[in-house]
Structures are given as structure tokens and as C-alpha cells.
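Participant: no sequence on this one, just coordinates:
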């Protein structure tokens, strides 16, 4: 158990809908990262937040957005869902924003199925 | 743009045999990770390699890093069924963010 929690574990929804995925980082970690794992794209970095501020952006679609709250939990919002958004979404956390010793710890993931 | 390539993508091997998974990356990196993922599960960190020539071993797995060749290897010795999983390498760079760039993964199946 990495100490990173994600809810829900599974989510089934329809095309065009909007969902919110939630992540609680390990105690004391200030950075949260979101990754998407799909069969065709593999594991891709989406976005990073550090202490409430966006730090880095990867291959995140405009339909997706994220935020990190004062208690450091983070939410990933996915809207206008398409079949291709079906994937496993991982959250990871680390103590710092960057740096060579800044190891990331991964949560159990949320499996999103869009029908 | 940092790219990470793993090969092979799929590996079926018999118990007791040895094999190596390769991970090449395209530009200078500060750290290299190896992760294990069981089907439908999260990523379990196996090794973190920080410097050229770094070698780490845990049980039947040994990872090494050659930063000059931009190559890391994950060597499996005397494979057992419990090692069946997907193995990913991931590369990080020391900049304002520490996002990880992952390889495609190697799906390992160890046959009795």
C-alpha cells in the first residue's frame, strides 16, 4: 500500500457525460500527478500540481481539467466523455515539485469505462 | 522530446531460464525507474537508478543503468511463475517538474 488513495475504483458512464476522479496523496506529499493508462496510448503523464498550483502539463485534453485543494487532495474532471477516454487513471504523489530524490508513489487507480 | 523505448514488448519464457529486458531513452535523464504491474493493479516500484553504472538487485531481478548509452536493462535470473507481470521502465528529468515518461511495457509470461 503506497498511502495514495483514489476513488472511485471503478466508474461506468455514457458518452457525453462528465465525471470526477479523486486522489488523496500520501501524508506530507505536496505534489500530485495524474497519469492515464490505455491500451493504445500506454501510460501517459497528464498533469502535475504542487501545493495547489499547476506545475506541469502533459498530453491532457482540453476536455479534462484538474485542481488541487488546500488539503492537498486533487480531482481530475473529465467532460464530454468519448469511448476513447476509457482507461485506467492513476494518481501519484511525491514530497516535492521536482528534484532527483523526488520519488513518486502511485495509487491503485480508477478504471473508467465509457459506454 | 524525451522518448522511452522498451523491448521486447512481450516475452514468454520457461521457468528457470534467464532473460533481459531493454530500455532505451532518447535524451539525458536524471533517474530511471523500473516498475512492475500486475493485471488491473497499480504500479509497484522495483528499482530507482540514479547514476551511470548503477546496479541494483532484488531477488531474481537485477537492473543496471548506462547513461552514456542511454540504456537500462532488467535482467531476470532463473525465472519463476510469480514473476509473470508487465514491467515498465520510466525516465524522469530534473527540471521544474518530475513527470515520468514511461516505456510501452514488457509483458512477461513465465511458463512452467
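Facilitator: Thanks, I have the structure now. Just so it is clear, the model here is predicted, and its values are computed rather than measured.
Participant: who's in contact with stretch B:81-89?
Facilitator: Under the criterion CB atoms under 8 Å, 6 or more residues apart in numbering or on different chains, residues A:43, B:4, B:6, B:15, B:21, B:23, B:32-39, B:43, B:46, B:60-61, B:72, B:74, B:76, B:102-103, B:105-112 lie in contact with stretch B:81-89. For every residue, glycine as well, the C-beta is placed using N, CA and C.
Participant: Could you check how far that stretch is from the centre of its chain?
Facilitator: The chain centre lies 9 Å from the centre of stretch B:81-89; the measure is CA atoms, centre = their mean, to the nearest Å.
Participant: cool, stretch A:39-51 as well?
Facilitator: Centre-to-centre, stretch A:39-51 and its host chain are 7 Å apart (CA atoms, centre = their mean).
Participant: For chain A, what lies in contact range of chain B?
Facilitator: The interface of chain A toward chain B, taken as CB under 8 Å from any CB of the partner chain, is made up of A:2, A:31, A:33, A:35, A:42-45, A:48, A:55-56, A:58, A:88, A:90, A:94, A:96-100, A:102-109, A:111.
Participant: now, which of those residues lie within strands?
Facilitator: Secondary structure assignment (DSSP state E) places A:31, A:33, A:35, A:42-45, A:48, A:55-56, A:88, A:90, A:94, A:105-106, A:111 from these within strands.
Participant: can you pull the contacts of residue 67?
Facilitator: Let's take chain A. Neighbouring residues of residue A:67 by CB under 8 Å, 6+ apart: A:49, A:74, A:75, A:77.
Participant: Chain B is the one I meant
Facilitator: With contact set as CB under 8 Å, 6+ apart, residue B:67 has these partners: B:28, B:29, B:51, B:52.
Participant: okay, it: pLDDT?
Facilitator: On pLDDT, residue B:67 comes in at 89.
Participant: Dihedrals phi and psi, it?
Facilitator: The phi and psi values for residue B:67, taken as degrees, to the nearest 10, are phi -70, psi -30.
Participant: For it, give its distance to residue B:49.
Facilitator: Here residue B:67 is placed at a distance of 9 Å from residue B:49 (CB to CB, to the nearest Å).
Participant: Same question for residue A:78.
Facilitator: In this structure, residue A:78 and residue B:49 are 34 Å apart, going by CB to CB.
Participant: Give the residue spans of chain A that score low on pLDDT.
Facilitator: Residue ranges of chain A with pLDDT under 70: A:97-101.
Participant: Pull the number of nearby residues for residue A:70.
Facilitator: Using other CB atoms under 10 Å in any protein chain shown, the number of residues around residue A:70 comes to 7.
Participant: my guess is it meets residue A:52, correct?
Facilitator: Yes - the pair residue A:70 / residue A:52 is scored as a contact, 6.6 Å apart, by CB atoms under 8 Å.
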